[in-house]
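*Asks:* Can you look at this prediction? I've put the sequence above it.
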Amino acid sequence: MSGRYLVAGLRRSGIGACEAIARVWPDAEIVAADAGADLDVSRLEALGIEVRLGAEVVPVDGVTALVKSPGIPGEAPQVAAARAAGVPVWSEVELAARMMPDNPIAGVTGTNGKTTTTQLVGAMLRAGGLEAEVAGNVGRPLTDLAGRVPAAAWIACELSSFQLEDIDTLRCRAAVILNLTPDHLDRHGTMAEYLRCKLRIFENQVPGDTAVLNGDVPQLRAAAVPGAGRRVLFTASDPGVLDWEHARLRGQHNLENAVAAAAVARAAGVDDGAVNAALRAFDPPPHRLQPVAAAGGVEWVNDSKATNPDAVMKALTAFDHGVHLILGGSLKGSAYAGMAAAVAAGPVVRSYLIGASADAIAAALDAAGAAYVRSGTLERAVATASAAAVAGDTVLLSPACASFDQFRDYEQRGERFAELARAAAA
């Protein structure tokens, strides 16, 4: 599709969007922009793409659409300038949807468990004999598939609230909202707005599509679902014929994820035998209750993707004693009282606090009567926790916070934890 496209934000999804436009719509003009001044844009320059770095606002004259990185808020000057000029604002997944209108999408959103569930949906679709790819917020931009996969291929797609803010035509043949707890309120402002963004996953469904919601969450059970899809409720208390006993996943939250994935896969036509075969073979993805080292009866587990308090509370259900819990990171508007109560009442021996949120978490742990030490850095936390752990214990990184105060992202944080854990185990 010809036109002039401004891609704002040049991290993973922005670069993927630029490359997709160049690949799928070769007659289009592309301007790639980022407020940062020191990014490596050699991949884009090699494609002949015009790159603007360091400018807060790039002129939008003649622009067909602004493709916005999910990390850019709606009130950012560049976005405001586009809207004021009547330029459509698309998320990267909306761009991909326009490039792949015939591919059936199985969409997954929710506060926690999105990546595990999305990858499990992909595994179940393939086990059911369907050609399937996994993309979206899971790490591979959805646009990376544009022009590269057959139109009949299913796509299991993780969708964040940030991505769903700016969709228009994106349609999910089957879609699920896994759960809903306070998160990203620094961006969305209220739970009502957060829920509204999540519900957009169903917005363009048509008769024959399926909307799957967690029936254990009152806000989801009672939600008015946009679109015309068939409404299905799932509950972890009723897993049906799911073979959870032989699954490699652990924790009550992963049972919830598996039940949801099965509901989505069944909506795509996968039978129970294939669903359970995929579940039995499925390994936890990186940074999600991922065992990374073991020695002397102590296990080190990387749950760096647990970037909000509810995720930590769910992670703790996977353990019955002896947890040395590393908490903390950058602040994003979360409240820690509920998590602190779960820490005090649960399997945690002691918490080790790091990062910018340490004071806020310490106050909540003090109120709950939970033991902790202030470690400051991940390196010191791993060293202190490893020295205190005895046979049968677990050193668990499940930080309840984003990572941007000390790390590039949760993946870098998790990889560093794994390095430190292996060193401690040795």
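*Replies:* Nice, thanks for sending it over.

*Asks:* how far does stretch 266-285 stretch from start to finish?
*Replies:* In stretch 266-285, first residue to last residue: 22 Å (Cα to Cα, to the nearest Å).

*Asks:* What's the mean pLDDT across that stretch?
*Replies:* For stretch 266-285, the mean per-residue pLDDT is 96.

*Asks:* That one: how far from the chain's middle?
*Replies:* Here the centre of stretch 266-285 is set off from its chain's centre by 21 Å, with Cα atoms, centre = their mean, to the nearest Å.

*Asks:* need the helices for the stretch 301-426 of the chain, in chain order.
*Replies:* Counting by DSSP state H, counting those that start in this stretch, one finds helices in the stretch 301-426 of the chain at the ranges 309-316, 337-345, 358-368, 378-388, 410-425.

*Asks:* The ones you listed: which one's closest to Met99?
*Replies:* For Met99, the closest of these is helix 410-425, at 26.3 Å, according to Cβ to Cβ. (Glycine included, C-beta is placed from N, CA and C.)

*Asks:* The helix or strand of the chain with the lowest mean pLDDT packs against which elements?
*Replies:* Sorting the helices and strands of the chain by mean pLDDT, DSSP states H and E puts helix 185-188 at the bottom, at a mean of 74. Applying 3 or more Cβ pairs under 8 Å, 6 or more residues apart in numbering; DSSP states H and E, we find helix 185-188 packed against helix 161-164, helix 191-199.

*Asks:* Mind listing what's buried along stretch 278-298?
*Replies:* Under the neighbour-count criterion of 16 or more other Cβ atoms under 10 Å, stretch 278-298 has 278-279, 282, 284-290, 292-293, 298 buried.

*Asks:* I meant to write stretch 17-32 there.
*Replies:* In stretch 17-32, counting by 16+ other Cβ under 10 Å, buried: Ala17, Cys18, Glu19, Ala20, Ile21, Ala22, Val24, Trp25, Glu29, Ile30, Val31, Ala32.

*Asks:* mind checking how far Gly273 is from Met124?
*Replies:* Using Cβ to Cβ, to the nearest Å, Gly273 is found at 11 Å from Met124.

*Asks:* Mind checking which of those two has more residues around it?
*Replies:* Set side by side, Gly273 and Met124 show more neighbours around Met124, with 28 against 12, by other Cβ atoms under 10 Å.

*Asks:* mind checking the SS state of the more buried one?
*Replies:* helix (DSSP: H, G, I helix; E, B strand; the rest coil).

*Asks:* From Asn103, how far out is it?
*Replies:* 17 Å.

*Asks:* ok, now Pro141?
*Replies:* To Asn103, Pro141 is 14 Å away according to Cβ to Cβ.

*Asks:* just checking, which of the buried residues of stretch 278-298 belong to strands?
*Replies:* Gln290, Val292, Ala293, Val298 (DSSP state E).

*Asks:* need the contact list for the first one.
*Replies:* Contacts for Gln290 were tallied using Cβ atoms under 8 Å, 6 or more residues apart in numbering; they are Pro284, Val301, Asn302, Asp303, Gly414.

*Asks:* circling back to that earlier point, out of the buried residues of stretch 278-298, flag the one nearest to Asn112.
*Replies:* With Cβ to Cβ as the yardstick, the closest approach to Asn112 among those comes from Arg288, at 9.6 Å.

*Asks:* Buried residues of stretch 163-181, list them for me.
*Replies:* Neighbour counts over stretch 163-181 (16+ other Cβ under 10 Å) mark 163-167, 170-181 as buried.

*Asks:* for stretch 100-112, same thing?
*Replies:* Met100, Asn103, Pro104, Ile105, Ala106, Gly107, Val108, Thr109, Gly110, Thr111, Asn112.

*Asks:* Need phi/psi at the fourth one.
*Replies:* Taking degrees, to the nearest 10, you get phi -110, psi 130 for the backbone angles of Ile105.

*Asks:* what pairs with it across the strands?
*Replies:* Per DSSP bridges, the residues bridged to Ile105 are Ile155.

*Asks:* if I look at it, how far off is Arg173?
*Replies:* 6 Å.

*Asks:* list residues touching both of the two?
*Replies:* By Cβ under 8 Å, 6+ apart, no residue touches both Ile105 and Arg173.

*Asks:* thinking again about what came up before, which two of the contacts of Gln290 have the greatest separation?
*Replies:* Pro284 and Gly414 (12.0 Å).

*Asks:* Could you pull up the residues touching Gly48?
*Replies:* So Gly48 contacts Ala22 (Cβ under 8 Å, 6+ apart).

*Asks:* what secondary structure does the nearest residue to Asn204 once chain neighbours are set aside sit in?
*Replies:* What sits nearest to Asn204 in space, not counting adjacent residues and going by Cβ to Cβ, 6 or more residues apart in numbering, is Arg171, at 4.1 Å. Using three-state DSSP, the three-state assignment for Arg171 comes out as coil.

*Asks:* Contacts only, for Arg171.
*Replies:* Ala97, Ile105, Asn204, Gln205, Val206, Asp209.

*Asks:* Ala340 too?
*Replies:* So, once contact is read as Cβ under 8 Å, 6+ apart, Ala340 ends up touching Ile361, Ala364, Leu365, Ala367, Ala368, Ala370.

*Asks:* Are any of those buried, and if so which?
*Replies:* Judged by 16+ other Cβ under 10 Å, buried ones among the contacts of Ala340: Ile361, Ala364, Leu365, Ala368, Ala370.

*Asks:* wait, the second one sits on Ala342?
*Replies:* I take that to be Ala364. No. Ala364 lies out of contact with Ala342 (Cβ atoms under 8 Å); the separation is 10.7 Å.

*Asks:* Next one, pLDDT for Val58 please.
*Replies:* 95.

*Asks:* these two touch, right, it and Arg4?
*Replies:* No. Using Cβ under 8 Å, Val58 is not in contact with Arg4; the gap is 11.4 Å.

*Asks:* Which pLDDT value goes with Ala344?
*Replies:* The per-residue pLDDT reported for Ala344 equals 98.

*Asks:* how far away is it from Ile105?
*Replies:* Applying Cβ to Cβ to Ala344 and Ile105 gives a distance of 42 Å.

*Asks:* what separates Gly297 from Val349, distance-wise?
*Replies:* Gly297 is 14 Å from Val349, by Cβ to Cβ.

*Asks:* ditto for Arg126
*Replies:* 41 Å.
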